[in-house]
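Quick one, what's the 3D model for this:
(2 chains)
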There are 2 protein chains.
Amino acid sequence: MLGPRQGLLVVLSGPSGVGKGTVVLQAMGRPGEGAARLRRSVSVTTRPPRAGEAEGVDYFFCSAEAFARLVEQGRLLEWAMYLDHRYGTPTAWVDEELGKGHDVVLEIEVQGAMQVRARRPEAVLIYMLPPSWEELKRRLALRDTDDGETQRRRLAVAQEEVTCVPRYDYVIENDSVAEAASRLLAILEAERWRVKRLRPGELES
Amino acid sequence: MLGPRQGLLVVLSGPSGVGKGTVVLQAMGRPGEGAARLRRSVSVTTRPPRAGEAEGVDYFFCSAEAFARLVEQGRLLEWAMYLDHRYGTPTAWVDEELGKGHDVVLEIEVQGAMQVRARRPEAVLIYMLPPSWEELKRRLALRDTDDGETQRRRLAVAQEEVTCVPRYDYVIENDSVAEAASRLLAILEAERWRVKRLRPGELES
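Numbers count the residues shown, from 1 in each chain, chains lettered A, B, ... in the order given. Just a heads-up that it's a prediction; the model follows:
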């Protein structure tokens, strides 16, 4: 009686270090159709690559000038400044994947999430929390790419951002990667069956 | 960072014969915490027991007078008339189970569902559809407890009821019992993580 469900546009935010990427990768590796439909969006950034990061896999790296052109040309679904660098999501790739019925996850911060909310009201917004601030501090300290000052700034941004959680649809805790991945997949499955996603006339056939 | 999640009040409606009970029982038999938390509410009815139905398992059977007293005393969370008989949900048991953190499923029809929606706005309303009306007819015909006239009435009620689907939160298709049970469990897991279910101050600890 119902036709094939549409691909979902999914925003996953949460403090730096909470494990968003790890959880999405774990979810993508699960068996089942929900996992097979998942795609991770790759952001454009003006931040220089870290050791081990690959162009087109972790980010598309570009100059401040090239980034400004993408913004002017309206080719970014959202963009934001985070710790002195710009990050944005190319619209074309996202729409292409949604058109194929894939669920597209954007791992972006709060400012960008609110732009997606405004432009694509059908998007699903999820905020990921650490089990505690102490645990987040511990996870940030394990990153050897950041100095103490950067760690402190990341934590300050995170504690500021958490006041925006009420603007999201879901909040999930990453107390274990396996549990958090299951929660993410459950949310995506559930959202496919929301009445508000029925297409006009869909129940009549 | 988040405390234990509350039990969910879940309404499952759908045409007679669509397989609501079978799907809930299959979901309850799955491994995992979500399945272990599930409880099926037992309705009170003025309908006489069918062969094989047991008091307190399938229904609490009672007289029209006893039912009227339950209504007067405000002891039913919802009640409705369906094919000449009354059916209702005892409030006390539901609240007791929710208090234990269980997710309580009410298998009730549309009139009752709308009463639950009004009284308990936090309830999750799910409507179950057959893969097609033809398939529903076939499933109804397999029930040897109904005569042809009753089957026709059930089908007519079902086709009328489907206009109320937009008042529900979710619509799931029962094309296979296993898939439908997975969808039900995914919806319950997802709903536990909705931002609107956060308790005041929950993010501050």
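
Tell me which residue is most central in chain A.
Residue closest to the mean C-alpha point of chain A, counted by C-alpha atoms, centre = their mean, is A:E107 at 2.1 Å.

For the longest helix seen in chain A, which outside residues touch it?
Assignment by DSSP state H gives helix A:177-192 as the longest helix of chain A. When contacts are defined by C-beta atoms under 8 Å, 6 or more residues apart in numbering or on different chains, helix A:177-192 is touched by residues A:5-6, A:8, A:10, A:12, A:19, A:22-24, A:26-27, A:30, A:32, A:34-35, A:37-38, A:103, A:124, A:126, A:128, A:170, A:172-174, A:197, B:170, B:182-183, B:185-187, B:189-191, B:193. (C-beta placed from N, C-alpha, C; glycine too.)

Okay, angle between that helix and helix B:177-192 too, please.
Counting by axes from the mean of the first three to the mean of the last three C-alpha atoms, to 10 degrees, helix A:177-192 lies at 100 degrees to helix B:177-192.

In three-state terms, label A:S16 for me.
With DSSP: H, G, I helix; E, B strand; the rest coil as the basis, A:S16 sits in coil.

Quick check: it vs chain B, distance?
Using C-beta to the nearest C-beta, to the nearest Å, one gets 16 Å for the distance from A:S16 to chain B.

Is it correct that that residue is in contact with A:V157?
Yes. Here A:S16 reaches A:V157: they are 7.2 Å apart, a contact under C-beta atoms under 8 Å.

Looking at those two, which is more packed in?
Ranked by neighbour count (other C-beta atoms under 10 Å in any protein chain shown), A:S16 and A:V157 place A:S16 first, with 21 against 16.

Contacts only, for the more buried one.
By C-beta under 8 Å, 6+ apart, the contact list for A:S16 reads A:140, A:154, A:157-158.

Which two among those are spaced furthest apart?
Greatest spatial distance in the contacts of A:S16: A:L140 and A:V157, 11.1 Å, computed using C-beta to C-beta.

Quick check: closest non-adjacent residue to A:C164.
A:V110 (4.7 Å; C-beta to C-beta, 6 or more residues apart in numbering or on different chains).

show me the contacts for the one you found.
Residues in contact with A:V110 (C-beta under 8 Å, 6+ apart) are A:13, A:161, A:164.

most neighbours, which of those?
A:S13 (26 neighbours).

Quick check: it touching A:Y170?
No. Look at A:S13 against A:Y170 with C-beta under 8 Å: they stay out of range, at 10.7 Å.

Mutual contacts of these two, please.
A:125-127.

where along chain A do the strands fall?
Remark: strands assigned in chain A by DSSP state E are A:9-13, A:38-40, A:43-45, A:59-61, A:76-82, A:85-90, A:103-107, A:124-129, A:170-173.

For the fourth one, give the mean pLDDT please.
Per-region confidence: strand A:59-61 scores 95 on mean pLDDT.

Contacts made by that strand with the rest, please.
Contacts of strand A:59-61 (C-beta under 8 Å, 6+ apart): A:42-49, A:53, A:55, A:90.

can you check the fifth one too?
Outside of strand A:76-82, the residues that reach it under the criterion C-beta under 8 Å, 6+ apart are A:44, A:67, A:70-71, A:86-91, A:94, A:106, A:108-109, A:111-113, A:115-116, A:119-120, A:157.

Swap in 7 Å and give it another go.
Residues external to strand A:76-82 that are found in contact with it (C-beta atoms under 7 Å, 6 or more residues apart in numbering or on different chains): A:70-71, A:86-91, A:94, A:108-109, A:111-112, A:115-116, A:119.

That strand - what's its average pLDDT?
Per-residue scores along strand A:76-82 average to 95.

and the closest residue to A:D169 other than its chain neighbours, bridged to which residues?
Distances taken as C-beta to C-beta, 6+ apart place A:L125 nearest to A:D169, at 4.9 Å, with adjacent residues excluded. A:L125 has the following beta-bridge partners by DSSP bridges: A:V11.

No further queries at this time; thank you.
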